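> What shape does this take:
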Amino acid sequence: MATRHSTFYFDETLVVLKVENVLFKVHKYHLLQSETFSDMFKVPQTGDTVEGATPENPIVLNGVAAADFEALLTVLYARRCSNVQLTLASPMIVSAFRLAHMWNFSDLRAYLLAQAEETLSDAEKIDFAKKFGIQNWLVPAYLNLCRRSAPPTTDEATKLGLDDVLMVFRLREQYRAWDPIWSSSSNPDGAEKFCDRCFGFSYHSASFGATSSPFTFAPPPQPGAPSIGSASTHKCSVCNKDTRSYFRRNLLAELNNTDQSLEKRLEKWVEGGCEPE
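Down below sits the predicted model:
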């Protein structure tokens, strides 16, 4: 007895559905990937006409946009017909995921979630995460918006909403004062150096206490001590004068401390919606 091919033996049962004022006629096996539709089709139907069998008696899907349903079907059929990784635009990902999430298409939901993580911008991820309860996306996306050089665009601000925009701009302004992305250092080792005249007023940050200061002091070399490298003097990052002893600001260590502080403030915002202090 012949056996049916696991992939290329199609069930040709078609189902008619009405979304808004648009009729769709699709293969039933696609809908059976959904727990919601699978349970619905198990319910016995009585009467002369089976719901969904004809355009005159379609299955009506209320509260759903036809554009979203079209996006869902596009992804379902494309995945069935090809093993090639699809390249989906952000709007299609969001539309298809909305219905995959609503109707419990578990495999499709996981597939679209991976696509969203790879494709969506940070502002889009924040909007997406809030709509679908994906909490672990929020802090990294907020952190990227606060740290990047360009401020949020008008479109991004619209997606974020007023409260989020104000929070992001506030943290960005505080962050600019000490983020090395916003400053340039003439030192190839990534450290700023200050003479004793400029050190006292050239830098201030309440974020660092005595035990976590990013500064170290380098005394002048002792007479007769072997020199390390060719330079015995250093340029002050403020006045540009030569100095033999200097205070050294380690930007990498400072950035690590700053990122940790910023991340904690964003975690507080995500957990309770409280304004970061």
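> Against which helices or strands is the helix or strand containing residue 166 packed?
If you go by DSSP states H and E, residue 166 is part of helix 162-176. Helix 162-176 sits against helix 138-147, helix 251-272, with contacts defined as 3 or more Cβ pairs under 8 Å, 6 or more residues apart in numbering; DSSP states H and E. C-beta coordinates here come from the backbone N, C-alpha and C atoms, glycine included.
> just for the stretch 51-200 of the chain, where's the confidence low?
Applying pLDDT under 70 to the stretch 51-200 of the chain picks out residues 82-84, 176-200.
> Helices along that one, start to end?
66-81, 90-102, 106-119, 122-132, 138-147, 154-160, 162-176, 196-202 (DSSP state H, counting those that start in this stretch).
> out of those helices, nearest to residue 7?
Smallest distance to residue 7 across these (Cβ to Cβ): 8.8 Å, for helix 66-81.
> For that closest one, C-alpha coordinates in PDB please.
Taking Å, rounded to 0.1, in the frame of the first residue of the first chain, the C-alpha atoms of helix 66-81 are listed here in PDB:
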ATOM      1  CA  ALA A  66      -7.800  42.200   7.000                       C
ATOM      2  CA  ALA A  67      -4.200  43.500   6.500                       C
ATOM      3  CA  ASP A  68      -3.000  41.600   9.600                       C
ATOM      4  CA  PHE A  69      -4.700  38.400   8.400                       C
ATOM      5  CA  GLU A  70      -3.100  38.800   4.900                       C
ATOM      6  CA  ALA A  71       0.300  39.100   6.600                       C
ATOM      7  CA  LEU A  72      -0.300  36.000   8.600                       C
ATOM      8  CA  LEU A  73      -1.300  34.000   5.500                       C
ATOM      9  CA  THR A  74       1.700  35.300   3.500                       C
ATOM     10  CA  VAL A  75       4.100  34.000   6.100                       C
ATOM     11  CA  LEU A  76       2.300  30.700   6.500                       C
ATOM     12  CA  TYR A  77       2.200  29.900   2.800                       C
ATOM     13  CA  ALA A  78       5.800  31.200   2.200                       C
ATOM     14  CA  ARG A  79       7.200  28.900   4.900                       C
ATOM     15  CA  ARG A  80       5.200  25.900   3.600                       C
ATOM     16  CA  CYS A  81       6.500  26.400   0.000                       C
END
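> now for that helix, which elements pack on it?
Under the contact definition 3+ Cβ pairs under 8 Å, 6+ apart, helix 66-81 sits against strand 14-19, strand 22-27, helix 28-31, helix 90-102, helix 106-119.
> can we see that at 6 Å?
helix 90-102 (3 or more Cβ pairs under 6 Å, 6 or more residues apart in numbering; DSSP states H and E).
> Determine the set of other helices and strands touching the helix it packs on.
Secondary elements touching helix 90-102 (3+ Cβ pairs under 6 Å, 6+ apart): helix 66-81, helix 106-119.
> again, only this time at 10 Å
Helices and strands touching helix 90-102, by 3 or more Cβ pairs under 10 Å, 6 or more residues apart in numbering; DSSP states H and E, are helix 66-81, helix 106-119, helix 122-132.
> most tightly surrounded among these?
Compared across the helices and strands packed on helix 90-102, helix 122-132 shows the largest average neighbour count, a mean of 20 (mean count of other Cβ atoms under 10 Å).
> what's the burial count for the closest residue in space to residue 175 that isn't next to it in sequence?
Using Cβ to Cβ, 6 or more residues apart in numbering and skipping residues adjacent in sequence, the residue nearest residue 175 is residue 146, 5.7 Å away. By the criterion of other Cβ atoms under 10 Å, residue 146 has 26 neighbours.
> Check the spacing between residue 146 and residue 69 real quick.
Computed as Cβ to Cβ, to the nearest Å, the residue 146 to residue 69 distance reads 37 Å.
> Give me the pLDDT value at residue 232.
Predicted confidence (pLDDT) for residue 232: 60.
> Could you point out which of the helices of the stretch 51-200 of the chain sits nearest residue 51?
Nearest to residue 51, of all these, is helix 66-81, at 17.1 Å by Cβ to Cβ.
> Next, the angle helix 90-102 makes with the closest one.
Per axes from the mean of the first three to the mean of the last three Cα atoms, to 10 degrees, the angle that helix 66-81 makes with helix 90-102 is 90 degrees.
> how far off helix 106-119 does helix 66-81 point, in degrees?
If you take the same axes, to 10 degrees, helix 66-81 sits at 100 degrees to helix 106-119.
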